[in-house]
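Undergrad: Have a look; sequence and predicted model below, questions after that.
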Amino acid sequence: MCGIVGYIGHRDAYPIIIKGLQRLEYRGYDSAGVAIYDGDSINLSKTKGKVEDLKKKSEATMSLDGKLGLGHTRWATHGVPNDANSHPHYSNSGDLVIIHNGIIENYDAIKKELINRGYVFHSDTDTEVLVNLIEEVKKKENVKLGKAVQIALNQVVGAYAIAVFDVNKPDEIVVAKLGSPLAIGIGEDEFFIASDASPFIEFTNNAMYLDDEELAIIRLGKEIKLRKIKDDSVVYPSIQELQLNIEEIEKGGYDHFMMKEIYEQPRAILDTYRGRLLADQGIIKMAGIDENIEKFTNANRIIIVACGTSWHAGLVAEYIFEDLARIPVEVEYASEFRYRNPVITDKDVLIAISQSGETADTLAAIKLAKEKGAFVFGVCNVVGSTISRETHAGAYTHAGPEIGVASTKAFTTQITVLTLIALKLAKEKGVFSQTQYHEYLTELENIPSKVEKSLLSNVLIETIAEVYKDSTNCLYLGRGYNFPVALEGALKLKEISYIHAEGYPAAEMKHGPIALIDEQMPVFVIATKKGHYEKVVSNIQEIKSRKGKIIAIVTEGDVAVKELADHVIEIPETFESLTPLLSTIPLQLLSYHIALMRGCNVDQPRNLAKSVTVE
Ligand code: M6R
């Protein structure tokens, strides 16, 4: 996820772009850049760091005059965050300038072809490949910029929101979208382009949002020309009057980042497997695994280290790796592992999971494992983070920035990456037949729409939250794959609502926690169809006979639990090993609503930091 801003009109472009980038910083903040056309040439400034760093750099080093410009705040996907990889990017001739939010999946093949034709690249980005592809098409086909963009986009696979201009035609910006958002603000003789309307809301209320596969040619003094990228058919612009304030826009219309991030999960999971999971070809492509496959298949065991929610994702991975790929796994709190003199050998693979890639204990665990000769693999969200640099290889989750302190989409995308790895290893080790493998890949592709369906329970969950919002203690129970989900559900509740909550394997209840159960105690039980269902039903009966309140997460169409529970929340059926991707959704929503009803600061709970960079 990145933020893009563009301006063409009668005002100075630079202040509009810088302010716009600051408002879009929630979309990505590892590097930023701005290009301003001053009527003669382009002034470009790019830097690793925040928009504030860009502001200082550009104001100290370049002329800021000009009525046409593009700006970008980056959340790195291809290439580490540095000055060279920051946007905007030039084409080789220096005539075209582009900003891009998204991922061009087939950039590598296109890049090789362009290199064969003499193109030179100055960054590791897919975006620089795209702008040169546009240039090549423009030259070869002798077409205008709009047409060249259209032809080029028909050759790429992936997601994008782009804005591009040609220095030889400075009255025009061409924009296009597929998968990533793009809004156009329409003023008097001026146009604004942005990832959302926040950069231009104080200048105009008139805006249009591009739909997927649409391209717009924005020319001063003319109406916007809108076309379908695939078949060139004309689309009639639908301009709407915005009635949102800036904060609402940044949060995508949600009241809190946490809720926005919960609802982003279908898209985030899809982005995680996009370009990796090729179900129709029956393959999973992951460079970090492909290049090191023997390290995994020859490993004595996999050790997973992480903290908090990432540790819970690690626990899910333990079930997946052992169940599907038959590789022994140990999951460790990084903070314990680093200090307990663990036995590690060069036949071990250590997987470190971290959303931020900066967690101090996880980093220390990595260093220790490296010293002992283990192969270390990272699963991070933040590109270029310390952990992603300190590990031998890794895979990014591509969840986009997670701003809410309570992890939501980080958890489900981590599980997605770890599932892809486990499936790949199951296939490689011959544990899975091609048919089984194919079935899994297809079901994994169905997960985003099943998450979407799980989110439909939100209204029901809000009514349940109302009933339990004043509880002082809660229990969360699950078995098998749903045990880590119970832990994660309890963590979500306690960290944002400050209600004491404990997660347990359902069968452990009899060994202690059952003493807590009385008519005041809400017990959240994950009782999905696959995975010891009958045994969980027995556990529910035990709670019922002690008058505990039962809130159950069940598979669609369940009958037995419905008869016992006080409330049931249904999720779609899926493979047992994929259940955590769905069963966690109602628990996230529940915590959100309870915290909100208790007047807590959902996005920034007391005493917590998003990234724990100290011991
Ligand atoms: O960035 P990391 O994934 O390494 O962070 C680990 C934990 O601090 C984090 O998961 C924390 O538990 C969450 N904020 C909980 O929602």
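TA: That came through fine. Since the model is a prediction, treat every value here as computed from it, not as a measurement. Numbering: from 1, shown residues only.
Undergrad: And the residue of the stretch 201-350 of the chain closest to the ligand?
TA: Residue nearest to the ligand within the stretch 201-350 of the chain (CB to the nearest ligand atom): Gly308, separated by 1.9 Å. Where you see a C-beta, it was placed from the backbone N, CA and C, and this is true even at glycine.
Undergrad: so who does that residue touch?
TA: Residues in contact with Gly308 (CB atoms under 8 Å, 6 or more residues apart in numbering) are Ser407, Leu491.
Undergrad: Got the phi and psi for it?
TA: phi 60, psi -130 (degrees, to the nearest 10).
Undergrad: and it, what pLDDT?
TA: Here, the pLDDT recorded for Gly308 equals 97.
Undergrad: Same check on Glu542?
TA: For Glu542, the predicted pLDDT is 92.
Undergrad: which SS class is it?
TA: Look at Glu542: counting by DSSP: H, G, I helix; E, B strand; the rest coil, its state is helix.
Undergrad: measure the residue in the chain sticking out farthest from the centre to the ligand for me?
TA: The outermost residue of the chain relative to its centre, with distances by CA atoms, centre = their mean, is Ser545 at 42.6 Å. Distance, Ser545 to the ligand, using CB to the nearest ligand atom, to the nearest Å: 34 Å.
Undergrad: just checking, Val537 touches Lys562?
TA: No: Val537 is beyond contact range of Lys562, at 10.9 Å (criterion: CB atoms under 8 Å).
Undergrad: Which one of the two is surrounded by more residues?
TA: Neighbours were counted for Val537 and for Lys562 using other CB atoms under 10 Å; Val537 has more, 17 against 13.
Undergrad: number of nearby residues for Leu596?
TA: 20.
Undergrad: what does Gly373 give?
TA: Count around Gly373 with other CB under 10 Å applied: 11.
Undergrad: ditto for Phe257
TA: Neighbours of Phe257 (other CB under 10 Å): 23.
Undergrad: ditto for Ala393
TA: 17.
Undergrad: in the sheet, who's paired with it?
TA: Phe377 (DSSP bridges).
Undergrad: Report the beta-bridge partner residues of the residue nearest to Leu68 when sequence neighbours are not counted.
TA: Nearest residue to Leu68, sequence neighbours excluded (CB to CB, 6 or more residues apart in numbering): Tyr37, at 4.3 Å. Under DSSP bridges, the beta-bridge partners of Tyr37 are Ile42, Leu68.
Undergrad: how close does Tyr37 sit to Pro199?
TA: 18 Å (CB to CB, to the nearest Å).
Undergrad: How about the residues of this protein by the ligand?
TA: 307-310, 354-356, 359, 362, 405-407, 491, 495, 611-612 (CB under 6 Å from any ligand atom).
Undergrad: so which of these is the most crowded?
TA: Ser354 (34 neighbours).
Undergrad: so that one touches Glu390, yeah?
TA: No: assessed by CB under 8 Å, Ser354 is found out of contact with Glu390, at 10.6 Å.
Undergrad: list the residues that contact both of those two?
TA: Gly378.
Undergrad: nearest residue to Pro425 other than its sequence neighbours?
TA: For residue 425 the amino acid is Leu, not Pro. Closest residue to Leu425 apart from its sequence neighbours, by CB to CB, 6+ apart: Ala325 at 4.0 Å.
Undergrad: Would you enumerate the residues in contact with the residue farthest from the centre of the chain?
TA: With CB under 8 Å, 6+ apart, Ser545 has no contacts at all.
Undergrad: Now for the residue nearest the centre of the chain: which residues touch it?
TA: Most central in the chain under CA atoms, centre = their mean is Ala399, positioned 1.1 Å from the mean C-alpha point. By CB under 8 Å, 6+ apart, the contact set of Ala399 is Glu264, Ala268, Asp271, Thr272, Gln355, Asn381, Lys409, Ala410, Thr413.
Undergrad: Would you enumerate the residues in contact with the first one?
TA: By that I understand Glu264. Ala399, Gly400, Lys409.
Undergrad: Pretty sure the second one sits in a strand.
TA: No: with three-state DSSP as the criterion, Gly400 is assigned coil and is not in a strand.
Undergrad: neighbours of the residue nearest to Leu68, just the number please.
TA: 20.
Undergrad: Surely it is in contact with Leu70?
TA: No: Tyr37 lies out of contact with Leu70 (CB under 8 Å); the separation is 9.1 Å.
Undergrad: which residues are common contacts for the two?
TA: With CB under 8 Å, 6+ apart, Tyr37 and Leu70 have common neighbours Phe165.
Undergrad: And Thr297, what's its pLDDT?
TA: 94.
Undergrad: Can you name the next helix or strand after the helix or strand of the chain with the lowest mean pLDDT?
TA: For the chain, using mean pLDDT, DSSP states H and E, the weakest element among its helices and strands is helix 246-250, scoring a mean of 70. Going down the chain from helix 246-250, the next helix or strand is helix 257-263, by DSSP states H and E.
Undergrad: which of the residues in that next one are buried?
TA: Phe257, Met258, Met259, Lys260, Glu261, Ile262, Tyr263 (16 or more other CB atoms under 10 Å).
Undergrad: Taking those residues together, which two end up most distant?
TA: Based on CB to CB, the longest span within the buried residues of helix 257-263 runs between Phe257 and Tyr263 and measures 10.7 Å.
Undergrad: where exactly do the strands run in the stretch 451-600 of the chain?
TA: 473-478, 500-505, 522-527, 549-555, 567-571 (DSSP state E, counting those that start in this stretch).
Undergrad: Highest mean neighbour count across the ones you listed, which stretch is it?
TA: strand 522-527 (a mean of 28; mean count of other CB atoms under 10 Å).
Undergrad: from the chain's centre, how far out does stretch 481-491 sit?
TA: 21 Å (CA atoms, centre = their mean, to the nearest Å).
Undergrad: mind giving me the domain split of the chain?
TA: Domain assignment for the chain, taken from automatic domain parsing, gives 3-248, 251-445, 456-607.
Undergrad: Just the terminal-to-terminal distance for the last one.
TA: By CA to CA, to the nearest Å, the extent of domain 456-607 from end to end equals 32 Å.
Undergrad: So what does Val235 look like in phi/psi?
TA: Dihedral angles (degrees, to the nearest 10) for Val235: phi -120, psi 140.
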